[in-house]
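J.: Give me a model of this one.
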Amino acid sequence: RFVAYRVSHETGNKGLITGYYEPLLRGSWAPNTQFRYPLYTLPKELISANLGRFDKKWSGKQITGRIAGGQLVPYYSRREIEGGALRGRRLELVWVDSAIDAFFLHIQGSGKVILPDGSHVRIGYAGSNGRRYTSIGRELVAQGQMRLDAVTMPSIRAWMEEQPVAANSLMHKNKSYIFFRVLDGNGPVGAQGVVLTPGRSLAVDRKFWPLGVPVWMETTEPGVKPKRALRRLVVAQDTGSAIKGAVRADYFWGHG
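T.: Numbers count the residues shown, from 1 in each chain. The predicted structure follows:
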């Protein structure tokens, strides 16, 4: 009983489909020489405002910040937070052993942290600092460090691991910062409030898509030559700060 519509935007009906997953990290509830990089819970002073409530012309737009001197100002950037802006406030949720793993967790939005005793805890998105998301892959291309057709998550990670000092500066180019919470259940929870299904859940731009709507996706499988079609019915169940536009989606691959 569904009626199908082809989705298009100003430049046609082709767009960008990327993929995301639930990564595995190694962590601890307490810091030590191995586990030195904190993942933070949502600060109480972080304020988000729906601008559409102030004027209809801003419908669908949101602003996030904090009160300073009686005014709403932008919240701390990634550089400021990693420089100690939140230190000493007991906001650390868990500590992990890799700054690069923590950074990619911020991009994925949720993950599983393996603790020293072999147990694990799932953590998921609780909020963000409201700063604009910047693709570090595009930054590497702009710097001449990598060709656009060579940009993948494994290639970016390899570059960062080989050049840790430059990688730190690169990560700070992305001012967006994610805060986390502990999740109960058997998988990451998307923006719709349900556990994501590998190979069937899709993150979309909520400006154009209602959560819960079925979507017929036609793209190609990554990393396969010659190219192989990936066509299937999926469901819009999540969103993300990098997912902007009508023909733009992030496909949930699964765990690990």
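
J.: Let me see the contact set for the spatially closest residue to residue 239 that is not a sequence neighbour.
T.: In space, residue 239 comes closest to residue 191 once its chain neighbours are excluded; the distance is 4.6 Å by C-beta to C-beta, 6 or more residues apart in numbering. Quick note: C-beta positions are derived from backbone N, CA and C, even for glycine. Contacts of residue 191 were listed using C-beta atoms under 8 Å, 6 or more residues apart in numbering, and they are 203, 206, 211, 237-239.

J.: Can you tell me which of those are classed as buried?
T.: Using 16 or more other C-beta atoms under 10 Å as the burial test, the contacts of residue 191 include 203, 211, 237-239 as buried.

J.: that older thread, in strands, which of the contacts of residue 191 fall?
T.: Using DSSP state E, 203, 237-238 are the members of the contacts of residue 191 that sit in strands.

J.: For the closest residue to residue 190 other than its chain neighbours, give its distance to residue 174.
T.: Leaving out its chain neighbours, the residue that sits closest to residue 190 by C-beta to C-beta, 6+ apart is residue 238, at 3.4 Å. Note on residue 238: its distance to residue 174, by C-beta to C-beta, to the nearest Å, is 20 Å.

J.: so how far is stretch 248-256 from its chain's centroid?
T.: Taking the mean of its C-alpha atoms, stretch 248-256 sits 11 Å from the chain's own mean (C-alpha atoms, centre = their mean, to the nearest Å).

J.: Now do that stretch: everything it contacts.
T.: For stretch 248-256, contacts defined as C-beta under 8 Å, 6+ apart pick out 15-24, 112, 187, 190, 196-205, 215, 217, 219, 234, 238, 240, 242-243.

J.: need the strands for the stretch 101-250 of the chain, in chain order.
T.: 110-114, 120-128, 178-183, 201-203, 214-220, 229-238, 248-255 (DSSP state E, counting those that start in this stretch).

J.: What is the fifth one packed up against?
T.: Using 3 or more C-beta pairs under 8 Å, 6 or more residues apart in numbering; DSSP states H and E as the contact criterion, the neighbours of strand 214-220 among helices and strands are strand 229-238, strand 248-255.

J.: could you redo the last one with a cut-off of 7 Å?
T.: strand 229-238 (3 or more C-beta pairs under 7 Å, 6 or more residues apart in numbering; DSSP states H and E).

J.: CA atoms only for the strand it packs on, dumped as CSV, please.
T.: Taking C-alpha atoms only, strand 229-238 is exported to CSV below (Å, rounded to 0.1, in the frame of the first residue of the first chain):
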residue,chain,number,x,y,z
ALA,A,229,25.2,-3.3,-7.2
LEU,A,230,23.8,-3.0,-3.7
ARG,A,231,20.0,-2.6,-3.9
ARG,A,232,17.7,-3.2,-1.0
LEU,A,233,14.8,-1.9,1.1
VAL,A,234,16.1,-0.1,4.2
VAL,A,235,14.4,2.1,6.9
ALA,A,236,15.3,5.6,7.9
GLN,A,237,16.1,5.2,11.6
ASP,A,238,19.0,7.5,12.4
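
J.: now the angle from it to strand 120-128?
T.: Orientation of strand 229-238 against strand 120-128 (axes from the mean of the first three to the mean of the last three C-alpha atoms, to 10 degrees) gives an angle of 70 degrees.
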